[in-house]
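Student: only geometry, no sequence info:
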């Protein structure tokens, strides 16, 4: 990978994001889920979407933290006297990504609250964990980083696929989306091919031979892989104009896109040694800029279904990766296409891990 491709993610151009709080169009009538929306990037994202008129569900573990975040978001706009702007709404749903039963319960609660005529325009799979030494297994016995960063979000996306597809049939093509948060670590530290095949065969044994940051990096590469696989498995629509015959124009296709939001001063570093955080601190930005990257992936008209199906990967401040690692690009393609098929294997591995919770 060229040096520039790494440098520009550590030090992105300032004030270059194409979509910000200042120019985000009204989101009135749209419904969003933001996982981990009570702090960091998720908090800023929920705040901006609410301020633009969106209906925002915050899915996180702590009701106390969520209630505090909702109060702070509302107070933010009260202090600034934005009475002329139509605000949206905010709601909390309890969810622990490391417990698949909790993920299923959260999805069911969301569908209950939305009701039979409900919708979901964008699922922001924002929440996750950083590298953690001696991490415990998840509730279902999965490796901690993979369980929290990819298996839990994968299940959530699978359970909400029907309402996403229904909303897509009523919406402009490519406007209904799932955003998968990856990391600069994908470029810098993930193993060859992104996710090791021996890990997929025997996660417990392989994890003991890997450093926590390597496992974390691989779990974030998996986010890119499953996003690309979801995108490639989408319906094309019922006719050449994308009309599904039911009054919509989206054909039911949901746009799945992954990207690196950037490096920010958030709680993701809480398990990182203090010296490392101290050394990195000058490069860590305010999390609002990470929310802007998510807005690019979730709301920009310049991000298309074709981009998603091609496995394009976004980077901080709403840009496309200039030069992804060749081994990762090969992993995105099947063997019949001259690739290694590792993204497909990762997707199918996740599917098997969540199967019992889809019934």
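Tutor: Received it, and whenever you're ready, just let me know what you need. All values derive from a computational prediction rather than experimental measurement. Numbering: from 1, shown residues only.
Student: now the nearest residue to residue 54 once chain neighbours are set aside, what's its secondary structure?
Tutor: Leaving out its chain neighbours, the residue that sits closest to residue 54 by CB to CB, 6 or more residues apart in numbering is residue 27, at 3.7 Å. Quick note: C-beta positions are derived from backbone N, CA and C, even for glycine. Assigned by DSSP: H, G, I helix; E, B strand; the rest coil, the conformation of residue 27 is coil.
Student: partner residues bridging residue 123?
Tutor: residue 33, residue 178 (DSSP bridges).
Student: can you name the residues that contact residue 327?
Tutor: Applying CB atoms under 8 Å, 6 or more residues apart in numbering to residue 327 gives the contacts 192, 193, 194, 340.
Student: from what I see, the residue nearest to residue 54 and residue 52 are in contact.
Tutor: Yes: in this structure, residue 27 is within contact of residue 52 by CB atoms under 8 Å, at 4.3 Å.
Student: now do the residue nearest to residue 54, the pLDDT please.
Tutor: For residue 27, the pLDDT comes out at 97.
Student: burial of it, as a residue count?
Tutor: 22 (other CB atoms under 10 Å).
Student: repeat for the one 5 residues further on
Tutor: The number of residues packed around residue 32, counting by other CB under 10 Å, is 24.
Student: equivalent analysis for the one 4 residues further on, please.
Tutor: Burial of residue 36 is recorded as 28 neighbouring residues (other CB under 10 Å).
Student: enumerate the beta-bridge partners assigned to the nearest residue in space to residue 109 that is not next to it in sequence.
Tutor: Nearest residue to residue 109, sequence neighbours excluded (CB to CB, 6+ apart): residue 93, at 5.1 Å. As for beta bridges, residue 93 partners with residue 59 under DSSP bridges.
Student: so what's the residue count around residue 93?
Tutor: 21.
Student: cool, residue 20 as well?
Tutor: Residue 20 has 17 nearby residues by other CB under 10 Å.
Student: can you tell me the SS state at it?
Tutor: coil.
Student: picking that back up, spit out the residues that contact residue 27 and residue 52 alike.
Tutor: Joint contacts of residue 27 and residue 52 (CB under 8 Å, 6+ apart) are residue 88.
Student: now do the host helix or strand of residue 76: which elements does it pack against?
Tutor: Assigned by DSSP states H and E, residue 76 belongs to helix 63-80. For helix 63-80, the elements it packs on are helix 40-51, strand 55-60, strand 89-94, judged by 3 or more CB pairs under 8 Å, 6 or more residues apart in numbering; DSSP states H and E.
Student: next helix or strand past the last one?
Tutor: So the one you mean is strand 89-94. Next along from strand 89-94, by DSSP H and E: helix 100-114.
Student: what mean pLDDT would you report for that next one?
Tutor: Helix 100-114 carries an average pLDDT of 98.
Student: tell me the buried residues in it?
Tutor: Using 16 or more other CB atoms under 10 Å as the test for burial, helix 100-114 gives 100, 102, 103, 104, 106, 107, 109, 110, 111.
Student: so which elements touch it?
Tutor: strand 55-60, strand 89-94, helix 152-159.
Student: other residues contacting the last one?
Tutor: Looking back up the chat, that one is helix 152-159. 35, 59, 95, 97-100, 103-104, 106-108, 123, 125, 127-128, 138, 178, 180, 223, 226, 230, 256, 350-351, 353-354, 357-358.
Student: same check on the second one?
Tutor: By CB under 8 Å, 6+ apart, the surrounding residues in contact with strand 89-94 are 46, 50, 55-61, 63, 66-67, 70, 73-74, 102, 105-106, 109-110, 113.
Student: pLDDT of it, averaged?
Tutor: Averaging pLDDT along strand 89-94 gives 98.
Student: just want the angle from that strand to helix 100-114.
Tutor: 150 degrees (axes from the mean of the first three to the mean of the last three CA atoms, to 10 degrees).
Student: now strand 89-94, how far from the chain's geometric center?
Tutor: 18 Å (CA atoms, centre = their mean, to the nearest Å).
Student: do the same with the first one
Tutor: Relative to the chain's own centre, strand 55-60 is displaced by 14 Å; criterion: CA atoms, centre = their mean.
Student: what's the average pLDDT for that strand?
Tutor: Averaged across strand 55-60, pLDDT comes to 98.
Student: does that strand pack against any helices or strands, and if so which?
Tutor: strand 31-35, helix 40-51, helix 63-80, strand 89-94, helix 100-114.
Student: hmm, try it at 7 Å
Tutor: Here strand 55-60 touches strand 31-35, helix 40-51, helix 63-80, strand 89-94, going by 3 or more CB pairs under 7 Å, 6 or more residues apart in numbering; DSSP states H and E.
Student: many thanks, have a good one.
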